[in-house]
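Colleague: Here you go, sequence then predicted model.
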Amino acid sequence: MTATGLRVDIDGLSLRYGSAQVLAGVDLHIAPGERLCLVGPNGAGKSSLLRCLTGLAEPSEGTVRLDGVPLAEIERSALARTISVVPSQVELPFSMPVEDVVLLGRIPHENPFTGQSDEDHRAADVAIRRVGIEKLRGRDVRQLSMGERQLVLVAMAVAQGGRLIVLDEPTVHLDLRHQVEVLQLIERLADVGLTVLAVLHDLPLAAHFFPRLAMLDEGRLVADGAPADVLSPDRIRDVYEVDPRFVPSLAWNGSP
Amino acid sequence: MTSTDLAQGRAQVHHGSLEALRRRPVVLGLLGLLTLSVAIVAGVALGTVAVPVAETVAILAARLGVPLEQSWADTSETIVLTLRLPRVLTALVVGLGLSVAGVTFQGLLRNPLADPYVLGTASGAALGAAIGVLLPIQIAWLGLGLVNILAFVGALAAVTVVYRIAGGGGRSTMTSILLTGYAVGSMLAAGLALAMYLSGSQLRQIFYYLLGSLSGADWQSLALGLPIIAVGSLLILARARSLNGLLLGDETALHLGVDVRRERVVLLALASLVTAAAVALAGLIGFIGLVIPHIVRLVVGPNARLVLPLSAIWGAAFLVVADLVARLVGELPVGIITAVIGAPIFVMLLRRYRTAYQL
């Protein structure tokens, strides 16, 4: 099964909170089916960019267009069927089986009066299989490990059926094995044609799993391209203000 | 058997039991309707003067339009239709409303300990009712006494104040609304304490209201309360989708297309309206709104589309039974009965499902 990824065009995007300039004239174009990772130090504006893209924040200037349609013209419910956002963590107030949590991803498709249709149940099933969590199906989500929970949230986003999947630090709190598991899963999602946009703090992992990185610093886009070009030692020194030798895989790449 | 096998076996057992629970909503619903029907007939038939069950059913059937020849005494008909039926139906409506409001508040505030009274409705209604008792005037409007009217107004006014202070229209969190609810509730409780202190001989009347009772039920007040509770509950049910989305928190709900700000206001308003109507009809009946939703969730999980109607049915049945018990043991305040019956059931269920249900 293949899907058609969403095309994203961000032009001159600025966002101000009071006097704080959070984003300043960011241009970013993502082709359908592309896999892009945003990197940059804390406070660089990565999450703010995601908030503008997913309609949670209104840009002060500039436009976001999805398949050429300005974001401002898209209704919230239609947007929810177009973009699936994987939350970094969710605390549920009640215990709930994994299957039901994945079904919550179908909320934007559900008929408000008759509830979930057979198609919604099918989509949840497909998502559970695609993410590979069949064994967890009936388990209470509150008794799962952090890593398993993260997979459930990805499955929920897949069930949501967006053509762009947005992940804000999906590997935070996870051990190395689960980080790799989640990132491999993200690769597979792009393989079926979905556009993927993620924020990661771990530069080596970002470089390994994403063909294209975009680096933000103080609200500006400072680099955009292949990992090896974006993560140059000089840039690491400038943007992160650390010695590039602290980023191991880059050091290895530099001296084979 | 290795420990892995054991773990897998346990996972399968767990999986299997949840699969079995999944089929239970229909069973639970039918069982609830059956219980409710039996409770209604029993509630109408039993009391200080017992009317035989066959006669009760015949009177009710005749009333519903079944062509039957009158074979019963006129006094039986008066007891059934004028005294007991409105009381039983009021219990049904109040139990239904409090349960639906309880599900809504627990989901909306993402707090398992929330109940319909959590945002100040209870203290607002109580203060309103106390003022109604103390004011030396007698007004009856459409069959409602001053106490009922002021209880209704007090409940709604309290929620409005809480919502305004917490800045509900802005980016306030549900936690700040919850805390403001407690603060305003304490203020109103102080007012209530003052009113009780000043009430002298009327203290018992205020006290009776605080414990909740259906002894004042009649057709006129039911005719006013029923539409508010019924329409409010249906409108909440139509928003079950939003309530489900809000379980995941505001941001995730937004990403799922839920207009969080609007849905929150609408759901808060509807649940408060239903609660206000319930307390105006029957005073402060505790426990139902907290516990019935939990009992239902234990069986079918937290999907609001199932929890709302099932809680409505079981809440209604529970209060009809509790009121019957209250009458049979000599017109005790029904709030005492709901706690005495409900608390042990709740504790038992919690112990039994401890693993599947952590608060």
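Modeller: Now that the structure is in, tell me what you want to look at.
Colleague: CA atoms for contacts and neighbours, from now on please.
Modeller: Noted.
Colleague: Enumerate every residue touching the residue in the stretch 151-300 of chain B that chain A sits nearest to.
Modeller: Closest approach between the stretch 151-300 of chain B and chain A, counting by Cα to the nearest Cα: B:G257, at 4.3 Å. With contact taken as Cα atoms under 8 Å, 6 or more residues apart in numbering or on different chains, B:G257 is in contact with A:76-81, A:107-108.
Colleague: how about 10 Å then?
Modeller: Counting by Cα atoms under 10 Å, 6 or more residues apart in numbering or on different chains, B:G257 makes contact with A:75-81, A:107-109, B:242, B:245, B:251.
Colleague: Tell me which helix or strand in chain B has the weakest average pLDDT.
Modeller: Within chain B, no helix or strand scores below helix B:3-22, which has a mean of 44 by mean pLDDT, DSSP states H and E.
Colleague: That one: what's the following helix or strand?
Modeller: Remark: after helix B:3-22, the chain's next helix or strand is helix B:24-45, criterion DSSP states H and E.
Colleague: With only the CA atoms kept, save that following helix in PDB.
Modeller: In PDB, the C-alpha atoms belonging to helix B:24-45 read as follows (Å, rounded to 0.1, in the frame of the first residue of the first chain):
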ATOM      1  CA  ARG B  24     -19.800  -6.500  26.900                       C
ATOM      2  CA  PRO B  25     -21.100  -3.000  26.200                       C
ATOM      3  CA  VAL B  26     -24.300  -4.400  24.600                       C
ATOM      4  CA  VAL B  27     -24.800  -6.900  27.500                       C
ATOM      5  CA  LEU B  28     -24.100  -4.200  30.000                       C
ATOM      6  CA  GLY B  29     -26.600  -1.900  28.300                       C
ATOM      7  CA  LEU B  30     -29.400  -4.500  28.100                       C
ATOM      8  CA  LEU B  31     -28.800  -5.600  31.700                       C
ATOM      9  CA  GLY B  32     -29.000  -1.900  32.700                       C
ATOM     10  CA  LEU B  33     -32.300  -1.400  30.900                       C
ATOM     11  CA  LEU B  34     -33.700  -4.500  32.500                       C
ATOM     12  CA  THR B  35     -32.600  -3.400  36.000                       C
ATOM     13  CA  LEU B  36     -34.000   0.000  35.300                       C
ATOM     14  CA  SER B  37     -37.400  -1.400  34.300                       C
ATOM     15  CA  VAL B  38     -37.600  -3.700  37.300                       C
ATOM     16  CA  ALA B  39     -36.500  -0.800  39.600                       C
ATOM     17  CA  ILE B  40     -39.200   1.500  38.100                       C
ATOM     18  CA  VAL B  41     -42.000  -1.000  38.700                       C
ATOM     19  CA  ALA B  42     -40.700  -1.800  42.200                       C
ATOM     20  CA  GLY B  43     -40.300   1.900  43.000                       C
ATOM     21  CA  VAL B  44     -43.900   2.600  42.000                       C
ATOM     22  CA  ALA B  45     -45.400  -0.500  43.700                       C
END
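Colleague: pLDDT weak spots in the stretch 151-256 of chain A?
Modeller: Counting by pLDDT under 70, the ranges of the stretch 151-256 of chain A that qualify are A:248-256.
Colleague: List, one by one, the residues from it near chain B.
Modeller: The stretch 151-256 of chain A comes close to chain B at residues A:157, A:160, as judged by Cα under 10 Å from any Cα of the partner chain.
Colleague: just the strands in the stretch 151-256 of chain A please.
Modeller: Taking DSSP state E, counting those that start in this stretch as the criterion, the stretch 151-256 of chain A carries its strands at A:164-168, A:195-199, A:212-217, A:220-225.
Colleague: Tabulate those strands (JSON lines), appending mean neighbour count.
Modeller: Listed next are the strands of the stretch 151-256 of chain A as JSON lines, based on neighbours: other Cα atoms under 10 Å in any protein chain shown:
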{"stretch": "strand A:164-168", "mean neighbour count": "25"}
{"stretch": "strand A:195-199", "mean neighbour count": "25"}
{"stretch": "strand A:212-217", "mean neighbour count": "23"}
{"stretch": "strand A:220-225", "mean neighbour count": "18"}
